[in-house]
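Student: Got a predicted model here, sequence first, then my questions.
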Amino acid sequence: MRLLPRTAGGLSMRRLLAIICIVLFQGAAWAAPERVVSLGGSVTEIVYALGRGDVLVADDESSLYPEEAQKLPRVGYYRTVPLEGVVSTKPDLVLASENAGPPKTIERLKQLGIRVETVSDGPSLDSLYKRIGQIAAALHAQEQGEALLADIRGGIAKAQEGQAPALRAVVLVNRTGSFMGAGGHTAADAVLGLAGLENALAGQQGYGPVSTEGLAALQPDLIVITTTSLQASGGLDAFKSQAGVANTPAARDGRIVVLDDLLILGMGPRVAQAISRLKDAAR
């Protein structure tokens, strides 16, 4: 039997040809996507920040920024994704936050032959940087990804220049009529830390209920409330007039800042803007 010649590195020609075929196949299978569904507000925002919003055919209900994202068809909320909603958009790529689910839906999408890229989505800058790299690679936009990373790092360094008072702050969210406060291991907690602020609720993990009495007892120097939460509370005047809010140093000193939801609740590409807004409010 005649053996195939071996390469200089010791591989047989048959093995080398097999490797080349695999690489070529993957390259063909992973062509630049043209129909993308994004699951997660920060994921969607990064797609737009990379200048690739044109490939999005749908996103989820947490995708609030930029404004164009709200005009796309919605496939539900990224933590409770309906299978049919995603499949109906005929995507060639689903970009999913690692927190997207339920897991069986994500797995079923893969079984149906739909390419799913799960990206990092933790409450840290390292996760943000990794997420941008993963999304840029999936969209064949590595050059734009590098430029975006450089811009974010430069923006953060500039935003953190100069000292701001080390005030105690709370971040409030109103989804169902009662307030929830952001505790430790949340993006909001991380953003407060980047701005040099102390999270008055750092002792709790995740989000927990905060009553008006509890808010008054915390005596925060600064209160952060999201745009949609303020709307659910009846506007700024109605919010400030609540007893628990009015009896805080934050209200007395005029340190109530309203930020759009993704700016404070998601560690996204506008993190430098969030830091600047918080530091300005603290001065």
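Tutor: It's in.
Student: for the protein, what spans make up the strands?
Tutor: For the chain, the strands defined by DSSP state E occupy 36-39, 56-58, 93-97, 116-119, 168-174, 179-182, 198-199, 207-209, 222-226, 256-259.
Student: which of those is buried the deepest?
Tutor: Mean neighbour count (mean count of other Cβ atoms under 10 Å) peaks for strand 36-39 among these, with a mean of 30. In short, each C-beta sits where N, CA and C put it, glycine included.
Student: what lines up beside it in the sheet?
Tutor: Strand 36-39 has the following sheet partners, assigned by DSSP bridges: strand 56-58 (parallel), strand 93-97 (parallel).
Student: Distance to Pro165 and mean pLDDT added to those, as TSV?
Tutor: What follows is the strands paired with strand 36-39, written out as TSV (distance: least, Cβ to Cβ, whole Å; pLDDT from 0 to 100):
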stretch	distance to Pro165	mean pLDDT
strand 56-58	41	98
strand 93-97	34	98
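Student: Let me have these in JSON lines, adding distance to Ala251 as columns.
Tutor: Output for those, formatted as JSON lines (distance: least, Cβ to Cβ, whole Å):
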{"stretch": "strand 56-58", "distance to Ala251": "40"}
{"stretch": "strand 93-97", "distance to Ala251": "35"}
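Student: just to revisit the earlier point, now tabulate the strands of the chain in TSV and tack on distance to Tyr78.
Tutor: What follows is the strands of the chain, written out as TSV (distance: least, Cβ to Cβ, whole Å):
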stretch	distance to Tyr78
strand 36-39	4
strand 56-58	11
strand 93-97	6
strand 116-119	12
strand 168-174	17
strand 179-182	18
strand 198-199	25
strand 207-209	16
strand 222-226	17
strand 256-259	20
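Student: Minimum distance to Leu72: which of the ones you listed has it?
Tutor: strand 56-58 (5.6 Å; Cβ to Cβ).
Student: who's in contact with that closest one?
Tutor: Applying Cβ atoms under 8 Å, 6 or more residues apart in numbering, the contact partners of strand 56-58 are 35-38, 44, 47, 69, 72-75, 85-86, 89-91.
Student: all helices for the protein, in order.
Tutor: All helices of the chain, identified by DSSP state H, fall at 13-29, 41-49, 83-87, 103-111, 125-138, 142-159, 187-194, 212-218, 227-232, 236-241, 243-246, 249-252, 261-265, 271-282.
Student: Can you list the low-confidence ranges for the stretch 1-150 of the chain?
Tutor: 1-30 (pLDDT under 70).
Student: how about a cut-off of 90?
Tutor: 1-31 (pLDDT under 90).
Student: who touches stretch 265-272?
Tutor: Residues outside stretch 265-272 that contact it (Cβ under 8 Å, 6+ apart): 41-42, 45-46, 49, 65, 122-125, 127-128, 132, 148, 152, 155-156, 158-159, 171, 173, 182, 186-188, 190-191, 194, 226, 262-263.
Student: Can you show me the CA trace of it as PDB?
Tutor: The C-alpha trace of stretch 265-272 is given here as PDB (Å, rounded to 0.1, in the frame of the first residue of the first chain):
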ATOM      1  CA  LEU A 265     -28.600  49.500  34.700                       C
ATOM      2  CA  GLY A 266     -26.400  48.000  31.900                       C
ATOM      3  CA  MET A 267     -22.700  48.200  31.700                       C
ATOM      4  CA  GLY A 268     -22.700  49.400  28.100                       C
ATOM      5  CA  PRO A 269     -20.600  51.500  25.600                       C
ATOM      6  CA  ARG A 270     -21.900  54.800  27.200                       C
ATOM      7  CA  VAL A 271     -20.400  54.000  30.600                       C
ATOM      8  CA  ALA A 272     -18.100  57.100  30.400                       C
END
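Student: For the remainder of this discussion, apply numbering that starts at 2.
Tutor: Sounds good: first residue 2 from here, last item stretch 266-273.
Student: Report the mean per-residue pLDDT for it.
Tutor: Taken as a whole, stretch 266-273 has a mean pLDDT of 96.
Student: quick one: Tyr208 from Glu69, how far?
Tutor: Distance from Tyr208 to Glu69, counting by Cβ to Cβ, to the nearest Å: 28 Å.
Student: what's Asp61 in contact with, if anything?
Tutor: Shown in contact with Asp61 (Cβ under 8 Å, 6+ apart): 39-42, 45, 75-79, 82.
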